[in-house]
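**Student:** Need the 3D shape of this:
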Amino acid sequence: MAEELPGVLVLDVGGAEGVLAELAVLLRKHFHLITMKELLANKRELSARIQSVFVFEGRPQIDRELLQSLPNLRVIGNSGVGVDHLDLALISGFGVKVTNTPHAVADPTADMGMALMLASARRLVEGNV
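**Tutor:** Residues are numbered from 1 along each chain as shown. All right, here's what the predicted structure looks like:
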């Protein structure tokens, strides 16, 4: 029998608030994705399978109720730079680790800043009308 992939909770896949579909394809190679809707519909079976929560654009919200409902949760992976939206004291009180991606958008942000400055200095946007 094949070893079961660890469960990871995401708010949703696709749509306005879900994990990007392209990212979900990558995640599914290593994890069994469980959406919040699936968890709420079948909490008894799925809550024990979840070992990680993938926070994408601040969702799902991590609160005491969610932490209490996930007995095997080990890590919360945040896809952004900061973790100000997470209650680190509460999370660590459950023995859960938090990760983030501090340098993931540094180069693209610098590139966009330079592009905007050059466009402004050379009035490129006005010429594109």
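
**Student:** End to end on stretch 38-49, go ahead and measure it.
**Tutor:** With C-alpha to C-alpha, to the nearest Å as the measure, stretch 38-49 spans 12 Å from end to end.

**Student:** Just checking the distance from that stretch to the centre of its chain.
**Tutor:** 19 Å (C-alpha atoms, centre = their mean, to the nearest Å).

**Student:** what residue ranges in this protein score low on pLDDT?
**Tutor:** Under the criterion pLDDT under 70, the flagged ranges of the chain are 1-2, 127-129.

**Student:** The strand ranked longest in the chain pairs with which strands?
**Tutor:** If you go by DSSP state E, the chain has its longest strand at strand 50-55. The sheet places strand 50-55 alongside strand 7-10 (parallel), strand 75-78 (parallel), with pairing taken from DSSP bridges.

**Student:** and those strands, which is most packed in?
**Tutor:** Of all the strands paired with strand 50-55, strand 7-10 has the most neighbours on average by mean count of other C-beta atoms under 10 Å, namely a mean of 23. C-beta: built from backbone N, CA, C; applies to glycine.

**Student:** so the host helix or strand of Glu22 versus strand 50-55, what angle?
**Tutor:** For Glu22, the element it lies in under DSSP states H and E is helix 21-28. Interaxial angle, helix 21-28 versus strand 50-55 (axes from the mean of the first three to the mean of the last three C-alpha atoms, to 10 degrees): 160 degrees.

**Student:** so what secondary structure elements neighbour helix 21-28?
**Tutor:** Packing contacts for helix 21-28, counted by 3 or more C-beta pairs under 8 Å, 6 or more residues apart in numbering; DSSP states H and E, involve strand 7-10.

**Student:** neighbouring contacts of the strand it packs on?
**Tutor:** Strand 7-10 is touched from outside by 18-19, 24, 27, 31-36, 39, 46, 49-54, 56, 60, 70, with contacts defined as C-beta atoms under 8 Å, 6 or more residues apart in numbering.
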